[in-house]
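# The sequence and its predicted three-dimensional model are supplied below.
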Amino acid sequence: MAEKILIVEDDSRIARFIELELKHEGYEVDIAYDGRSGLDKATSGDVDLVILDLMLPLLSGIEVLRRIRKTSDLPVIMLTAKDDVSDKVVGLDSGADDYVTKPFAIEELLARIRVALKRNHNGTKKENEALKAGKLVLDKASHMVTFEDEEIQLSKKEYDLLECLMENRGIVLTREKLLENVWGYDYYGDTNITDVYIRYLRAKIDQKYNITYIKTVRGVGYIFEYRE
């Protein structure tokens, strides 16, 4: 059965262009032209991935995304005319799996769709195990992170980044590798987004509990270390 992709885009020309390309690739496609109807369709349980514009009538793309994330890990690729790191951070921090800036090459969008769908399928097969480093515990089954049994509130991307670091404990990961693993594709440009999220994690874990888990390897990237 063909995978179904929902396009939430108020520009009918762009929506139609993406629709034709997706259908050519064998996907089933549905379209919503405002945030409210887009949210209704996205939460219907009949969609495999959402392409979501940031600027929408009735309900903004960010608000649609936040409401989706309350109940679902449905893959969402944000689509926007804005090209600013802060906008990308807001979208990704709200739970977006990826971010594409207009104008874009359709081949790039198709590639990111394939990766997001693949990651989602693989993610459902992951064993729900816990990752531990001393008093820090990342429980995959509950999607919860705790330190001495105190829950640490993390956004989706903060959680994904911490999971990637803990799964590669003792291994130096470049910014590019972190972007590839966490955001799901070979990310070109704006690699400082990883630095932003590393700062978030350090503030919520290392600095709060006066312990050093995440270390900077100058000129290379980051490493998660903990010795018993």
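Arrived safely.

# Relative to residue 49, how far out is the residue nearest the centre of the chain?
Most central in the chain under C-alpha atoms, centre = their mean is residue 97, positioned 2.8 Å from the mean C-alpha point. Separation of residue 97 from residue 49 (C-beta to C-beta, to the nearest Å): 9 Å. Every residue, glycine included, has its C-beta placed from N, CA and C.

# Now the common contact residues for those two.
75, 76, 77, 116, 120 (C-beta atoms under 8 Å, 6 or more residues apart in numbering).

# Look up phi and psi at the fourth one.
Phi and psi for residue 116, reported as degrees, to the nearest 10, are phi -60, psi -40.

# Now it. Nearest residue, chain neighbours left out?
The shortest distance from residue 116 to any non-neighbouring residue, by C-beta to C-beta, 6 or more residues apart in numbering, is to residue 75 (4.2 Å).

# give me the number of residues near the one you found?
25 (other C-beta atoms under 10 Å).

# ok, now which ones touch it?
Counted by C-beta under 8 Å, 6+ apart, residue 75 has contacts 48, 49, 50, 97, 116, 117, 119, 120.

# thinking again about what came up before, farthest pair in the shared contacts of residue 97 and residue 49?
The most widely separated members of these, counting by C-beta to C-beta, are 77 and 120 (11.5 Å).

# Name the residues contacting each of the two.
Joint contacts of residue 77 and residue 120 (C-beta under 8 Å, 6+ apart) are 49, 97.

# neighbour-wise, which of these two wins?
Looking at residue 77 and residue 120 with other C-beta under 10 Å, you find the greater number of neighbours at residue 77, namely 21 against 17.

# Would you confirm that that one belongs to a helix?
No - under DSSP: H, G, I helix; E, B strand; the rest coil, residue 77 falls outside any helix and is assigned strand.
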